[in-house]
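Chemist: for reference, the sequence and a predicted model appear below.
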Amino acid sequence: MIQTTTDLESTTRAFYREVDANDPEVFRRRLADTAVFAFNDVDPVTGFEAIDAFVSAWKGNFKAVLHQLDNLVVDTAKNTVAIEITVSYVFSDGNETKVKGSSFVEFANGDIVSWRVYVDTSRLS
């Protein structure tokens, strides 16, 4: 029996690069069919199509949404990566607002099964 392991840090970094690049296949490629996405206190959504729709709608409010991964903590026993992030929201007029937050990415069999993002969006309005 061959057992493969996932480099959780590299996979997480690649995932965020692809999300920031608006890769149209990122969720289909990286998420489990039953993956759950939670953003702040909004009701979580399930499945890569629903996650894609949610994230696309949110990002559609901005010219760009970019994530700086400030600190990653990998817990291999729980297949989870905890991330301190700085999110840059770039508005259509070019103005940019940066906010701090955290994200938690859980894996199973190399796929993301849970992606939770918590950032202070109060400065965006």
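Modeler: Nice, thanks for sending it over.

Chemist: show me what contacts the closest residue to residue 63 other than its chain neighbours?
Modeler: Nearest residue to residue 63 in three dimensions, chain neighbours excluded: residue 90, at 4.6 Å (C-beta to C-beta, 6 or more residues apart in numbering). To be clear about C-beta, it is placed using only N, CA and C from the backbone, and glycine gets the same treatment. If you count contacts by C-beta atoms under 8 Å, 6 or more residues apart in numbering, residue 90 has them with 62-66, 96.

Chemist: ok, those vs residue 84, which is closest?
Modeler: residue 66 (15.2 Å; C-beta to C-beta).

Chemist: run through the protein and note the low-pLDDT ranges.
Modeler: Counting by pLDDT under 70, the low-confidence segments of the chain come to 1-5.

Chemist: can you give me the strands for it?
Modeler: 31-39, 45-46, 64-75, 80-90, 96-108, 111-119 (DSSP state E).

Chemist: closest one to residue 16 among these?
Modeler: Closest among the strands of the chain, using C-beta to C-beta: strand 64-75, at 4.9 Å.
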